[in-house]
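Chemist: structure of the sequence below:
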Amino acid sequence: MRLVTNDERRARLGVRHALTVSTGLRTPEEVARALVGLHATESASVHLSIGARSREISISDVQRSLYHSRTLITQLSMRETLFAYPRDLIPAVLGSAAARVAGVARRRLIRDLERWGSTGEGEGQAWLTAAETTVLSGLADGVPRSSKQIRTEIVEVSGVINQAPDKSWGGPVAIAPKVLALLNLQGSLARAGNAGDWYRNHPTWTTARAWWGQEPPGPLTARQGYAELVHRWLWSYGPGTVEDMAWWLGTTKTAIRAALENVDARQVVLEDGSVGWLRSDDLDVITAAEDWVALLPMFDPTVMGWKKRDFYLGEHAPQLFDSAGNSGTTAWVNGRVVGVWIQDAGGQVQVRLLEEVSAAAGEALLAEAERLNQLLEGKRVFTVYPSPAMQPEAELRILSPDLSAESCGKRSQ
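Modeler: Numbers count the residues shown, from 1 in each chain. Below you'll find the predicted structure:
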């Protein structure tokens, strides 16, 4: 087995994730394929992840792909997380990762309905089946509706579950969003347009048939679906371990090992001594062809791509994720995270450093911050998942134009 060093892994990351300038991707679909899928928990993340990887793609280009040509489909799937996938990948996702999550979510909702809702013991399954049928019938006209509109129009899902009333974290929880999420996981309901600005979350819903403009493709089998996803993941993120892939797909190691057999993957040795995997058609050594920097948004696929992240995070992981494991923004130099970015009160992008960088890297980061300012056009992008390094009280160096080879920026006050 050949050794894949951390330097090579970082070089692969830059090339395969389209973070080097020479990559030259031209469409939102090309960027999504390069990353397998784009995290879409926050609407802004999709647009900014794409914008970070191409100087030719505008916000309106991303909007067209998501909501007009619909060549990117927003779909709940692994780890019950929202992704934007290339259209052709949806059958694989629905048959594998989404189906697994749907089974768990369905059992959980039935349990909660019987424990805290208005249905009696043993009646949750029948109630849920009837509610799903009613929702799909109510949305059959193809007119996208918000969750609030659906609760108003469809009385069957207008109620709440009074979850854990004796607990401090308990209280009423609307039923409709849970039913809508389950129907999306099962492939019968689609997230349609965003009713608000591109950088805010105001999703609407319609039937999958209405959104696709035709009968949507059926799911692959679980084995076929996992094989397709692992095949693409290995090209974009490889080498990775079985644990990396099982975490990313939210599935079992057994399913991953079966997929690795199906795609004829090859074992390699990683720098820490663990066993990694590459596709059999991707065994050549990749080296860094150019220096690069990047400012990536919260939930970007690159920072969330592996379970074990030391080779690109170093010791910075505690500063870059919130308590639930959600990633904040990140600043990169040649395959390593060196800081984060925020917007100041005036909406201007500000780079905060977790470590010192060279003068050349600092200048490149400042240029990337200006490019991001132009993409944002003064709009403030807020997140409910700020990392510790993004918090106002974080004492980090602020990157400024006054650079030296030894140190960049000044410490925030």
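Chemist: for this structure, which helix is longest?
Modeler: Counting residues, the longest helix in the chain under DSSP state H turns out to be helix 97-116.
Chemist: now it: mean pLDDT?
Modeler: In this model, helix 97-116 has a mean pLDDT of 96.
Chemist: do the same with stretch 160-175
Modeler: Per-residue scores along stretch 160-175 average to 87.
Chemist: what's next to that stretch, contact-wise?
Modeler: With Cβ atoms under 8 Å, 6 or more residues apart in numbering as the test, stretch 160-175 has contacts from D112, L113, W116, G117, A131, S147, R151, V157, S158, G159. For the C-beta atoms, the positions are set from N, CA and C on the backbone; glycine is no exception.
Chemist: 10 Å - rerun?
Modeler: 109, 112-113, 115-119, 127-128, 131, 147-148, 151, 156-159, 176, 178, 180 (Cβ atoms under 10 Å, 6 or more residues apart in numbering).
Chemist: of these, buried ones?
Modeler: For these, a burial check counting by 16 or more other Cβ atoms under 10 Å picks out 109, 112-113, 116-117, 119, 127-128, 131, 147, 151, 156-157, 159, 176, 178, 180.
Chemist: can you give the domain ranges for this structure?
Modeler: Annotated domains of the chain cover 97-212, 293-411 [automatic domain parsing].
Chemist: how distant is the shortest one from the center of its chain?
Modeler: Spelled out, it's domain 97-212. Here domain 97-212 is found 21 Å from its chain centre; the criterion is Cα atoms, centre = their mean, to the nearest Å.
Chemist: distance between the ends of that domain?
Modeler: 21 Å (Cα to Cα, to the nearest Å).
Chemist: who's in contact with L220?
Modeler: With Cβ under 10 Å, 6+ apart, L220 has these contacts: I90, P91, A92, V93, L94, G95, S96, A99, Y226, A227, E228, L229.
Chemist: can you pull out the strands in the stretch 101-250 of the chain?
Modeler: Along the stretch 101-250 of the chain, counting by DSSP state E, counting those that start in this stretch, strands occupy 145-146, 160-163, 171-174, 189-194, 203-207.
Chemist: what's the closest of the ones you listed to G250?
Modeler: strand 189-194 (18.9 Å; Cβ to Cβ).
Chemist: ok, that closest one: who's next to it in the sheet?
Modeler: Each strand paired with strand 189-194, and its direction, by DSSP bridges: strand 203-207 (antiparallel).
Chemist: rounded mean pLDDT for the partner strand, please.
Modeler: Strand 203-207 shows a mean pLDDT of 97.
Chemist: let's see that strand as PDB, backbone CA atoms only.
Modeler: Taking Å, rounded to 0.1, in the frame of the first residue of the first chain, the C-alpha atoms of strand 203-207 are listed here in PDB:
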ATOM      1  CA  PRO A 203     -38.500  27.600   2.300                       C
ATOM      2  CA  THR A 204     -41.700  26.600   0.500                       C
ATOM      3  CA  TRP A 205     -43.000  23.100  -0.300                       C
ATOM      4  CA  THR A 206     -44.700  21.300  -3.200                       C
ATOM      5  CA  THR A 207     -45.000  17.800  -4.500                       C
END
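Chemist: residues touching that strand, excluding its own?
Modeler: Identification of contacts with strand 203-207 by Cβ under 10 Å, 6+ apart yields 40, 43, 67, 74, 82, 135-147, 149-150, 176-177, 180-181, 183-184, 188-196, 211, 216.
Chemist: out of the buried ones among the contacts of stretch 160-175, which are inside helices?
Modeler: Going by DSSP H, the helices hold L109, D112, L113, W116, W127, L128, A131, S147, R151, A176, K178, L180 from those.
Chemist: residue contacts, the last one?
Modeler: L180 makes contacts with 76, 132, 135, 139, 145, 147, 150-151, 157, 174, 189, 191, 203, 205, as judged by Cβ under 10 Å, 6+ apart.
Chemist: Throw those residues into JSON lines and include distance to S323, thanks.
Modeler: Shown next, in JSON lines, are the contacts of L180 (distance: Cβ to Cβ, whole Å):
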{"residue": "L76", "distance to S323": "22"}
{"residue": "E132", "distance to S323": "34"}
{"residue": "V135", "distance to S323": "34"}
{"residue": "L139", "distance to S323": "36"}
{"residue": "R145", "distance to S323": "34"}
{"residue": "S147", "distance to S323": "26"}
{"residue": "I150", "distance to S323": "32"}
{"residue": "R151", "distance to S323": "30"}
{"residue": "V157", "distance to S323": "31"}
{"residue": "A174", "distance to S323": "25"}
{"residue": "L189", "distance to S323": "31"}
{"residue": "R191", "distance to S323": "27"}
{"residue": "P203", "distance to S323": "25"}
{"residue": "W205", "distance to S323": "30"}
